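Asks: got a structure for you, letters missing:
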């Protein structure tokens, strides 16, 4: 499952959420510290592992 990183506009705390893409599409994110829904997704890098050789 993908990991999505956010930062809260209210308390400025950053946090990560691991969820399915279908859950992400519902867009019901909440800061775990202050419970605010005013959060912005952060751009992050990612790495994939495949079974085929290139």
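Replies: Here it is on my side, so go on. These numbers were taken from a predicted model, which means no experiment stands behind them.
Asks: Lowest-scoring secondary structure element of the protein by mean pLDDT?
Replies: Least confident helix or strand, the chain: helix 21-24 with a mean of 84, by mean pLDDT, DSSP states H and E.
Asks: strand partners of the helix or strand just after it, parallel vs antiparallel please.
Replies: Counting by DSSP states H and E, the next helix or strand C-terminal to helix 21-24 is strand 39-41. Applying DSSP bridges, strand 39-41 is found paired with strand 3-8 (antiparallel).
Asks: For the partner strand, which outside residues touch it?
Replies: With contact meaning CB atoms under 8 Å, 6 or more residues apart in numbering, strand 3-8 is reached by 13-19, 24, 29, 31, 33-34, 36, 38-42, 44, 46. C-beta: built from backbone N, CA, C; applies to glycine.
Asks: rerun at 10 Å
Replies: Strand 3-8 has contacts (CB atoms under 10 Å, 6 or more residues apart in numbering) with 13-19, 21, 23-24, 29-44, 46.
Asks: ok, of those, which come out buried?
Replies: 15, 17, 29, 31, 39 (16 or more other CB atoms under 10 Å).
Asks: So which of the residues you listed is the closest to residue 51?
Replies: Proximity of those to residue 51 (CB to CB) peaks at residue 17, which lies at 27.0 Å.
Asks: Report the contact partners of that closest one.
Replies: Contacts of residue 17 by CB under 10 Å, 6+ apart are 1-6, 23-24, 29-30, 32, 39, 41.
Asks: of the residues you listed, the lowest pLDDT goes to which?
Replies: Minimum pLDDT across the contacts of residue 17 is recorded for residue 1, with 77.
Asks: what bridges to residue 3?
Replies: Beta-bridge partners, per DSSP bridges, of residue 3: residue 18.
Asks: on that earlier part again, could the contacts of residue 17 be laid out in CSV, adding distance to residue 50?
Replies: CSV is the format used below for those (distance: CB to CB, whole Å):
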residue, distance to residue 50
1, 17
2, 16
3, 18
4, 22
5, 23
6, 28
23, 24
24, 22
29, 29
30, 34
32, 33
39, 31
41, 25
